[in-house]
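Student: sharing a sequence plus its predicted fold:
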Amino acid sequence: MGEWRDRGLIQYQQGQLTDAQRDLERYLYEHPDAPDGFEIRQVIEQIERVQDEP
């Protein structure tokens, strides 16, 4: 169930932010009521903040 989440978090740790965001968003799409959804959304927000920096 959490393959997309796991892969996304590993990519996030490795600095592969675009791929991480894609996989984490797919995880939330497939599991909208995931118990860790709040934390995953926080990671996605952090990725978006970093990518928006000049």
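Tutor: Cool, got the structure. Numbers count the residues shown, from 1 in each chain.

Student: now do the contacts for residue 8.
Tutor: Applying Cβ atoms under 8 Å, 6 or more residues apart in numbering, we find residue 8 in contact with 19, 20, 21, 22, 23, 24, 26, 27, 40, 43. Just so you know, the C-beta spots here come from the backbone N, C-alpha and C atoms, and that holds for glycine as well.

Student: so what pLDDT did it get?
Tutor: Looking at residue 8, its pLDDT is 98.

Student: does residue 43 lie in a helix or a strand, and which?
Tutor: Taking DSSP states H and E as the definition, one finds residue 43 inside helix 37-52.

Student: check which helix or strand covers the nearest residue to residue 27 once chain neighbours are set aside.
Tutor: The shortest distance from residue 27 to any residue other than its chain neighbours is 3.8 Å, reached at residue 4 (Cβ to Cβ, 6 or more residues apart in numbering). Assigned by DSSP H and E, residue 4 belongs to helix 3-13.

Student: before we move on, what about residue 24?
Tutor: Assigned by DSSP H and E, residue 24 falls within helix 17-30.

Student: which stretches of the chain have low pLDDT?
Tutor: Within the chain, no range satisfies pLDDT under 70.
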